[in-house]
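Student: coords below, sequence missing:
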RNA sequence: GCGAGAGUGGCGGAACUGGCAGACGCACUGGACUUAGGAUCCAGCACCGAAAGGUGUAGGGGUUCAAAUCCCCUCUCUCGCACCA
């Protein structure tokens, strides 16, 4: 063994060893308990960043720990490889997205290997490989057959210059993030997944995921947004037909004095009287030019326009003017809102602006609202007034009564509404999974027949950055024969949202080379669910909700037998430096390569685990890294120095140990217990590492190291340090383990087990308080009675001085810990 | 505004069901070894105080023999949602 710790030598040696002996390859072994550990796979953007280092270090500790404990650990890695940056890079560099992506993958794979992460690389997958996305097309078609994938028109952010849909986050200040053109709302036919069919179950299971952080579950519940209310029909005035609204406040129905429709509402134009047509059209046009972000911002001024038509309040028979209002969303509820200005703040502001009537129907206790003096809407519970038969009731009770009444009268029904909308998956992009359908003038939407699957992305494409989807311009791709009638037809040229790929990759990891379908069910049933999923909080809603949805769909298609994909979820915090998230623009980026070159992967891993608990943000500190490096050197030196004494030591004979040896041994076993608890139950890596540091300090302080009678205890201590550290710093641990004389690696050694008997204290330090203040400490035998502790306490001079001349009222004894003497 | 979480030395952070506040590490100070120290080792390190002692976990109040921990009020910060009818 080298005298001096040279990370590079150690790390290269063991990485090579792991690679050639395929140390982390796993198969389904029904004789062992399985453990599926997964970290969110990265987008191959070019190089890994510190967030990856942290995420994957956390995961690797758990993987190695579980392996040492005897679990059959599935720990895979792959690439979320479709997406826009590849296409943008292709436009810039005049290359191909596939080239760019595969080069990045090769480089980043090298980086991950340099970190010594214990993946089963044989299961590696990239979602842009046809071996992966082909199966996704199959799943899509099965969803299509069941009506879970369907087409509908919807409004989207559209850049007229790039001719493509933009996600909300790609719209900056109302303009396209790339070309700055003004973004418009465009009505487009798009493919959707019917996630709303699963809204109830997705919500329901947020109460059945105890291993998830509460805040993630709350976010998902909010996103799903279940509400209870009524749909109520308002007949048109002087016309047949009616407007249906959704409301959760049917208790305010008697106060509804006008009607607000979304500008895109299908009835908007037919309700507009001829003389108001020009004004209404101008308004609708203006709203459509506003992007969705600004449209739904709260500070947007409430604006509207009168259509010229009226409807009738079904309970008061009042004539209600029908307006279009910019804050009413077509996608939510029915796209129409009964406006109750007295009891809804938005309606209040709107009514004030357009001088619409106010009618109070709920009075707060001990107060009488007057519409002419109100300055804001009253939205709380109160007593019903001006509400016919419901007058005098509490408004929250009236809610139910009115719902029943409406049902009886046939003008409304109780309903449940969700905020969650179906998942639009169409992207007018090249670098994604082609949606496998064909459009035929005679036959309509025709799924690509099984024998023609997969629809492979053509490679000969020009990337100009102008003019919409590149796929649409490739005639050999877009022009096809209809599979049904043989007539010329057109292929779908939209591709799927990249979130689709990440919604089931964890299932494909169970059987990455399977050619009989997307998922090899017996194998998936062995591995699923993922026991521990680890990733950033930024995916709290979208990815994690989509993955849950997909798992349920795949369950219903018969591929898997689990209801939920991830049993336990750990959301790790961000990596911060100088008070801000690392970013190029802030110039506070730490490059993992530089870190590994200088200190080695073990130090990089150790620091990112030691500096903060995983779910909190981690403040990067260069000096802190030095400290971790120093610690590894200290451990290395400890082994070098003690090796001659422990090399030939046998097992510990507890009966023959001297006091200090017995004390050291107690600490060794307590540390094993502490580290095991921290890793097993709490993922408190920082305190686990701190405990090992304390043990290392204690072994350094232990003397004499060269006494033969101490050799066994010393050896047990040093070996424990090495094994306990091995999940954190695997390279150096393997090297030291080998140096101590073990032929087999640390995994074969197994996770150390503490001897409960060895952890039992012989003496206890009892804290003595007088009136709750610390006044002394006494050491007593571990089996000391309360009486004995009291004797010792009263014998203590310092304690005595605090008791002098005082009346002792009582003494509270907490066994083995503390004695509080109350005097007065 | 609503919801969730957090607030502890100069810094990152410990303190499991209320029981020694500040583990461990960083920084800092002093010392040793040294041609040298950005290596290593030893010691110190919440604040006030010479000491005895006192005061301290955002602030205020409460429960308790005992509160960082439980309860109430206030403040600050972070995150999420945010015209959702």
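Tutor: Perfect, I can see it now. Since the model is a prediction, treat every value here as computed from it, not as a measurement. Numbering: from 1, shown residues only, chains lettered A, B, ... in the order given.
Student: how distant is whichever helix or strand residue A:673 is part of from the center of its chain?
Tutor: In this assignment (DSSP states H and E), residue A:673 forms part of helix A:659-677. Distance of helix A:659-677 from its chain centroid, counting by CA atoms, centre = their mean, to the nearest Å, is 37 Å.
Student: ditto for stretch A:619-633
Tutor: 29 Å.
Student: How are the strands of the stretch 701-824 of chain A distributed by residue range?
Tutor: Counting by DSSP state E, counting those that start in this stretch, the stretch 701-824 of chain A has strands at residues A:763-770, A:773-781, A:808-814, A:818-823.
Student: other SSEs contacting the second one?
Tutor: Going back to what we said before, that points to strand A:773-781. strand A:763-770, helix A:786-795, helix A:797-803 (3 or more CB pairs under 8 Å, 6 or more residues apart in numbering; DSSP states H and E). Heads up, the C-betas are built off the backbone N, CA and C, glycines and all.
Student: How about residues contacting that strand?
Tutor: A:762-769, A:788-789, A:792-793, A:796, A:798-799, A:802 (CB atoms under 8 Å, 6 or more residues apart in numbering).
Student: what subset of those is also close to RNA strand B?
Tutor: Intersecting the contacts of strand A:773-781 with the surroundings of RNA strand B, defined as CB under 7 Å from any atom of the strand, gives A:765, A:767, A:769, A:798.
Student: Determine which two of the contacts of strand A:773-781 are furthest apart.
Tutor: A:762 and A:802 (28.7 Å; CB to CB).
Student: near RNA strand B, which residues of the stretch 601-750 of chain A?
Tutor: Going by CB under 7 Å from any atom of the strand, the residues of the stretch 601-750 of chain A near RNA strand B are A:610-613, A:616-619, A:621, A:623-624, A:626-628, A:630-631, A:633-634, A:674, A:684, A:686-687, A:689-690, A:693-694, A:697, A:700-701.
Student: re the thing from before, I'd like the strands of the stretch 701-824 of chain A laid out as TSV, including mean pLDDT and mean neighbour count.
Tutor: Below are these laid out as TSV (pLDDT from 0 to 100; neighbours: other CB atoms under 10 Å):
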stretch	mean pLDDT	mean neighbour count
strand A:763-770	90	18
strand A:773-781	90	15
strand A:808-814	90	13
strand A:818-823	91	18
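Student: Distance to residue A:605 for those strands - can I get that in a markdown table?
Tutor: Compiled in a markdown table, the strands of the stretch 701-824 of chain A are given as follows (distance: least, CB to CB, whole Å):
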| stretch | distance to residue A:605 |
| --- | --- |
| strand A:763-770 | 36 |
| strand A:773-781 | 39 |
| strand A:808-814 | 40 |
| strand A:818-823 | 39 |
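Student: quick one: which of those is nearest residue A:240?
Tutor: Judged by CB to CB, the one of the strands of the stretch 701-824 of chain A that comes nearest to residue A:240 is strand A:808-814, at 80.9 Å.
Student: what sits up against the closest one?
Tutor: A:786, A:789-790, A:819-824.
Student: Quick check: pLDDT value at the nearest residue to residue A:504 once chain neighbours are set aside.
Tutor: By the measure of CB to CB, 6 or more residues apart in numbering, the closest residue to residue A:504 outside its immediate chain neighbours is residue A:550, 5.0 Å from it. We have a pLDDT of 96 for residue A:550.
Student: And residue A:550, how far from residue A:517?
Tutor: In this view, residue A:550 and residue A:517 are 15 Å apart by CB to CB, to the nearest Å.
Student: Pick out whichever of the two has more residues nearby.
Tutor: The residue with more neighbours, out of residue A:550 and residue A:517, is residue A:550; 25 against 12, by other CB atoms under 10 Å.
Student: So residue A:345 versus residue A:262, what's the distance?
Tutor: For residue A:345 relative to residue A:262 (CB to CB), the value is 18 Å.
Student: what about these two, which has more around it?
Tutor: residue A:262 (23 against 13).
Student: these two touch, right, that one and residue A:335?
Tutor: Yes: if you go by CB atoms under 8 Å, residue A:262 and residue A:335 touch, sitting 4.2 Å apart.
Student: shared neighbours, those two?
Tutor: A:328-329.
Student: so residue A:233 bridges to which residues?
Tutor: As for beta bridges, residue A:233 partners with residue A:244 under DSSP bridges.
Student: correct me, but it touches residue A:242?
Tutor: Yes: here residue A:233 lies in contact with residue A:242, judged by CB under 8 Å, at a distance of 4.4 Å.
Student: Nearest residue to the middle of chain A?
Tutor: residue A:540 (3.3 Å; CA atoms, centre = their mean).
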